[in-house]
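**Student:** What follows is a predicted protein model with its sequence.
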Amino acid sequence: MLNFDFYNPTRIAFGKGKVAEIDKLVPAEARVLIVYGGTSAKKNGTLDEVKAALGGRYAEEFSGIEPNPTYETLMKAVSKIKANKLDYLLAVGGGSVIDGTKFVAAAVYAEGDPWEILLQRGANVKQAMPYGTVLTLPATGSEMNDGSVISRTETASGLHDKLYFTSEHVFPQFSVLDPSKSYTLPPRQLANGVVDAYTHIMEQYLTYPVEARVQDRFAEGLLQTLIEVGPKVLANPQDYDTQANFMWVATLALNGLIGSGVPSDWSTHMIGHEITALHGLDHAQTLAIILPTMLSVRRESKRAKLLQYAERVWHISEGSEDARIEAAIQNTRAFFESLSVPTRLSAYNIGADAIPALLAQLESHGMAKLGEHEDVTLDKSREVLEASI
Ligand code: NZQ
Ligand code: ZN
């Protein structure tokens with residue numbers, strides 16, 4: 001097992017009716033900015049519940065955080081906080097709202113250009129405004145981690161950027177996880193959530209063995225749970241126990257636990273971010289395209305873990321090693337397709353002509369040595385993209 005530090009200060013309030021506990025979790029004298037996305041939180045009543053729980057506290061609202069939250073929108077929230085002397089943030093939504101809130105929390109205290117937070121991957125974040133979250137979409141794990149992914153449409157380079165930062169200052173203080181808040185999710189978002197969480201686990205599990213038995217078995221358990229609850233949550237999104245299992249898996253998939261003491265890959269995510277930046281695909285759609293091909297192209301360096309994955313997650317123990325690996329990769333692709341998430345670039349009308357620009361984006365963002373062995377060069381990324389058409 002590799003050396004590691006594990007730190008996660010986020011309190012989780014999990015279950016039905018837990019939104020009411022915001023009253024205890026937010027300081028009594030806080031001046032709150034409630035941050036949310038489009039219309040979903042209003043329509044399904046979550047916003048009203050949150051406001052009721054805040055009681056007599058001074059609270060303002062900031063709405064309009066887009067999926068793939070943009071710097072341009074988020075800086076308006078920063079201005080509002082400064083103008084109204086607000087001191088506590090409450091994010092109500094999915095990964096985009098929570099990621100956006102993390103950026104706002106850090107940008108309020110930024111010295112100089114806040115975009116530097118992304119360019120320096122968070123190394124320059126010295127403090128952040130405290131905040132809590134109410135999760136409405138199981139997928140990203142943002143509700144219990146220190147990462148955030150922000151897009152910018154107008155950059156000096158003229159490129160569309162989608163960059164991440166991490167900082168231990170931006171862990172949420174608390175997250176309310178009430179699985180019934182996901183009942184209104186449309187099939188596309190539910191399926192996206194399953195694919196995103198699945199890929200988070202795979203990027204931390206499917207590398208090379210380091211005798212990390214607990215992490216491996218946690219990861220395999222989480223993957224098997226997703227294979228079980230994924231179809232169920234699509235068939236019956238209002239089943240509490242299914243949503244509860246889905247929500248908790250998605251949180252555990254990226255809260256640092258299974259990634260401690262093991263190598264991690266993240267090449268699928270980095271290529272996926274460029275596809276979203278240039279073509280606007282949903283985050284999970286990009287992962288569904290890239291992950292199966294990434295595993296296939298890198299099957300030699302991932303051989304031992306692919307065999308373990310085949311046996312323990314998909315129960316494939318017959319046939320030659322190559323046949324077992326192939327079957328496990330095929331099962332992964334078929335699982336995503338079974339959730340109605342297409343796994344080919346062509347299904348989104350993207351052809352080979354798009355590849356040079358995607359590679360140029362990777363290069364400009366310093367993504368020419370990706371993966372657990374840093375051997376996913378631009379040539380390797382080209383191979384993966386070409387095989388993903
Ligand atoms: O804007 P509203 O109207 O609220 O609608 C949202 C949005 O259109 C809707 N939605 C959310 N909860 C709902 C609901 N609709 C009905 N009922 C509900 N209960 O869902 C749509 C998508 O929301 P979004 O927050 O964009 O989705 P997701 O949670 O998948 O977040 C994706 C973002 O997270 C980033 C991605 O790159 C992407 O920008 N990621 C963040 C990570 C992290 N911080 O650790 C890791 C991930 O790998 C990922 O990169
Ligand atoms: Zn993701």
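**Tutor:** Yep, that arrived. Ligands and ions are numbered 1, 2, ... in the order given.
**Student:** make it CA atoms for all contacts and neighbour counts henceforth
**Tutor:** Fine.
**Student:** And the residue of the stretch 251-389 of the chain closest to ligand 1?
**Tutor:** Closest contact between the stretch 251-389 of the chain and ligand 1, by C-alpha to the nearest ligand atom, is at residue 283 (5.3 Å).
**Student:** Contacts only, for that residue.
**Tutor:** 192, 196, 272, 273, 276 (C-alpha atoms under 8 Å, 6 or more residues apart in numbering).
**Student:** Same check on residue 269?
**Tutor:** Contacts of residue 269 by C-alpha under 8 Å, 6+ apart are residue 287.
**Student:** quick revisit: tabulate the contacts of residue 283 in CSV, adding columns for secondary structure, pLDDT and distance to residue 46.
**Tutor:** Shown next, in CSV, are the contacts of residue 283 (DSSP: H, G, I helix; E, B strand; the rest coil; pLDDT from 0 to 100; distance: C-alpha to C-alpha, whole Å):
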residue, secondary structure, pLDDT, distance to residue 46
192, helix, 98, 21
196, helix, 98, 24
272, helix, 98, 31
273, helix, 96, 29
276, helix, 95, 28
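**Student:** Name only those of these that count as buried.
**Tutor:** The neighbour count (16 or more other C-alpha atoms under 10 Å) marks 192, 196, 272, 273, 276 as buried among the contacts of residue 283.
**Student:** and the residue nearest to residue 128 when sequence neighbours are not counted, what element?
**Tutor:** What sits nearest to residue 128 in space, not counting adjacent residues and going by C-alpha to C-alpha, 6 or more residues apart in numbering, is residue 106, at 4.4 Å. With secondary structure defined by DSSP states H and E, residue 106 is part of helix 95-107.
**Student:** pull the CA atoms of the very next helix or strand once past that helix into CSV?
**Tutor:** Heading C-terminal from helix 95-107, the first helix or strand you meet, by DSSP H and E, is helix 116-119. The C-alpha trace of helix 116-119 is given here as CSV (Å, rounded to 0.1, in the frame of the first residue of the first chain):
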residue,chain,number,x,y,z
GLU,A,116,-5.4,32.0,-11.1
ILE,A,117,-7.2,29.6,-8.7
LEU,A,118,-7.8,27.3,-11.7
LEU,A,119,-4.5,28.0,-13.3
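**Student:** Just the mean pLDDT for helix 116-119, thanks.
**Tutor:** The predicted model gives helix 116-119 an average pLDDT of 97.
**Student:** Ok, stretch 139-154 next?
**Tutor:** 95.
**Student:** how about it against ligand 1, any contact?
**Tutor:** Yes - against ligand 1, stretch 139-154 shows contacts by C-alpha under 6 Å from any ligand atom at 139, 140, 141, 142, 147, 148, 149.
**Student:** and residue 186, how many residues sit next to it?
**Tutor:** 11 (other C-alpha atoms under 10 Å).
**Student:** Can you check the pLDDT for it?
**Tutor:** 98.
**Student:** ok, it to residue 236 distance?
**Tutor:** To residue 236, residue 186 is 11 Å away according to C-alpha to C-alpha, to the nearest Å.
**Student:** One more: residue 133?
**Tutor:** 25 Å.
**Student:** More neighbours: which of the two?
**Tutor:** residue 133 (28 against 12).
**Student:** doesn't residue 257 make contact with residue 219?
**Tutor:** No - under the criterion of C-alpha atoms under 8 Å, residue 219 is not in contact with residue 257, lying 9.6 Å apart.
**Student:** Who has more neighbours out of these two?
**Tutor:** Neighbour totals were compared for residue 219 and residue 257, and residue 219 leads with 27 against 15 (other C-alpha under 10 Å).
**Student:** contacting residues for the more buried one?
**Tutor:** 201, 202, 205, 253, 258.
**Student:** One more pass at 7 Å, please.
**Tutor:** Residue 219 sits next to 201, 205, 258 when contact means C-alpha atoms under 7 Å, 6 or more residues apart in numbering.
**Student:** what about residue 165, helix or strand, and which?
**Tutor:** Judged by DSSP H and E, residue 165 forms part of strand 161-166.
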